[in-house]
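In: I would like the atomic coordinates for the input below:
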Amino acid sequence: MAPTLKPGDAVFVLPTIGYEGEGIYLVEDGGDIPSLFRAMTAATREEICLSFDATLHSAFTMPRDRFNERVLGLVVAELRVTQPSKAGKL
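Out: Residues are numbered from 1 along each chain as shown. Predicted structure coming up:
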């Protein structure tokens, strides 16, 4: 599956305190910078299935309560840059 986001894309993130359904979320994952993950309900409703949107890493699950502790926001819009060489002039 092709990634939803491409290098140079900008996203608009709505702060959230928990899982609100399938989508792309900004999540603290233990690194210096939060990461974007595609999230969906796992086989058990007590877990969330996460995968990096922009890479081919395998998916993993996380307990819903742990996800809710780490989530920062839900991506609600994407801005695709069509002329990267001119975008620096904005």
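In: so where's the chain uncertain?
Out: 1-3, 53-57, 87-90 (pLDDT under 70).
In: tell me what residue 63 is bridged to.
Out: For residue 63, the residues forming beta bridges with it (DSSP bridges) are residue 47.
In: that one against residue 49, yeah?
Out: No - contact criterion C-beta atoms under 8 Å: residue 63 and residue 49 do not qualify, at 11.6 Å. Bear in mind the C-beta positions are built from the backbone N, C-alpha and C, glycine included.
In: direction included, what does the longest strand seen in the chain pair against?
Out: If you go by DSSP state E, the chain has its longest strand at strand 71-79. On the basis of DSSP bridges, the sheet neighbours of strand 71-79 come out as strand 10-15 (antiparallel), strand 23-27 (antiparallel).
In: can you name the next helix or strand after that strand?
Out: The C-terminal neighbour of strand 71-79 among helices and strands, as given by DSSP states H and E, is helix 84-87.
In: show me what that next one is packed up against.
Out: Judged by 3 or more C-beta pairs under 8 Å, 6 or more residues apart in numbering; DSSP states H and E, helix 84-87 has no packing partners among the helices and strands.
In: no further questions, thank you.
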